[in-house]
Structure formats: C-alpha cells, structure tokens
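In: this one's sequence-less:
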Ligand SMILES: O=P(O)(O)OC[C@H]1O[C@H](OP(=O)(O)OP(=O)(O)O)[C@H](O)[C@@H]1O
C-alpha cells in the first residue's frame, strides 16, 4: 500500500504508510495535453500527405503501436481521411546492440499487410532518444520494399541524446532529460491513462 500526493510543481511523490519517501516522478504531459498534441500531429500529417493514397503509417513495436493507432483513429474519424494503411514493425533483432544484453530478448509481432515499395513511409514511435531504434527500423523495413521516402513522427523527442544523425519530421514535445531519467509514455488502453512522465 502506498499513498500518493500530487504536489503543485507537477512532481508526484510517493510515500510509504510510515511516511518514508520512495520515489518521485514528474508529469510532462497530461491527458488533455496529449490529446491536443495528437490532433496537431494528425493535422501536420494531413498537410503533407493529403489523402494518404501514397502514404503508409508504420508503428514501431511495442509502444509506438498505441501512438500509431491513435493517430490513425483521429485521421479517419475526426478528419475523415479514408482507409489509411497502418502496419506494425518489430525491430528487436535489427538493433545494433541486440547481442549485448544479458536477458533473452522477446520479439513483438510485425504486421505489415502491404508493400512499401514506392510508398511514403511514416515511422511512428512514442519516444526518440538515441535514435538506435529508428536506425534499426530503417534496416527492418527494407524487407517490405523500397519506400520513396521515410519520415519520423514521435510524441517525445529527447533533445541532446542522439547517438545517430536522426531527427523527427513531426514531434509532439521536446524534452530535456538526463541519461538516468526515463521518459514513460502511458496510454489509456494499456496503462489506464494517457500521460507522459519523467521518472
Ligand atoms: O531512440 P532510442 O534510444 O532507440 O529509444 C527509443 C525507444 O525507447 C523506448 O523504448 P525502450 O526500449 O526504452 O522500452 P520501454 O520504454 O518500453 O521500456 C521507446 O519506446 C522507443 O522505442
């Protein structure tokens, strides 16, 4: 059991019943802010891709999937863009560091039911940090054809943290976080709320 106290400076402090502080996390984006940003990102995509007839969306597994599904839903339901092609790409075994960990890796499902040959591909992920996931995605997508163009949409861009020359084309929010901090993006369908925390 723990009690939760929301402080006025956007930090959430957790205390044990005997009042020992155990951790804190800062809320970077509330559900309302996430919703506003998702609509802006959807509009930016429409501005560039119009009817999406030559464009496919690819959500990166595991957590880019939720963002990609949300963007698709907004485009179709609120902005009446018809039948957007959306796939999900797992990059686990394409990472340049996949043999370096001690734990056995668990892959997620890749589900791309279309060719990306000559299509404009938009990668969608929740966080851009070192850029290594996107680097792996660029390799992995080659199995599905040769896109005419690849762009990147990310909800959170961790500034000054890149290991590779990769930048987002569409970004929700830039965040300055130091290396031992984690940016956690929560989705209501998976985590019970829409929110972004710095932990
Ligand atoms: O630019 P990169 O350094 O590759 O980081 C970006 C990736 O990091 C996060 O996943 P992470 O592997 O941290 O997993 P988790 O958040 O689901 O624990 C996030 O979902 C991105 O896919």
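Out: Nice, I can see it. Just so we're clear, the structure is a prediction, and the values are computed from it rather than from any experiment.
In: pick out the residue closest to the middle of this structure.
Out: Within the chain, the residue whose C-alpha comes closest to the C-alpha centroid is residue 126; the distance, by Cα atoms, centre = their mean, is 1.3 Å.
In: list the contacts for it?
Out: By Cβ atoms under 8 Å, 6 or more residues apart in numbering, residue 126 lies in contact with 63, 64, 66, 67, 154, 155, 156, 185. Just so you know, the C-beta spots here come from the backbone N, C-alpha and C atoms, and that holds for glycine as well.
In: return the member of the residues you listed nearest to the ligand.
Out: Proximity of these to the ligand, judged by Cβ to the nearest ligand atom, is greatest for residue 63, which lies at 4.1 Å.
In: who touches that closest one in this structure?
Out: For residue 63, counting by Cβ under 8 Å, 6+ apart, the contacting residues are 125, 126, 127, 185, 187.
In: need those residues in CSV with secondary structure, can you?
Out: CSV is the format used below for the contacts of residue 63 (DSSP: H, G, I helix; E, B strand; the rest coil):
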residue, secondary structure
125, strand
126, strand
127, strand
185, strand
187, coil
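In: what's near enough to touch the spatially closest residue to residue 179 that is not a sequence neighbour?
Out: On the basis of Cβ to Cβ, 6 or more residues apart in numbering, the spatially nearest residue to residue 179 that is not a chain neighbour turns out to be residue 161, at 7.4 Å. Contact partners of residue 161, counting by Cβ under 8 Å, 6+ apart, are 129, 130, 177, 179.
In: now do the helices in this structure.
Out: 31-49, 64-73, 132-140, 188-191 (DSSP state H).
In: near the ligand, which residues of this protein? Just list them.
Out: Counting by Cβ under 6 Å from any ligand atom, the chain comes close to the ligand at 60, 63, 125, 126, 127, 128, 129, 130, 131, 132, 133.
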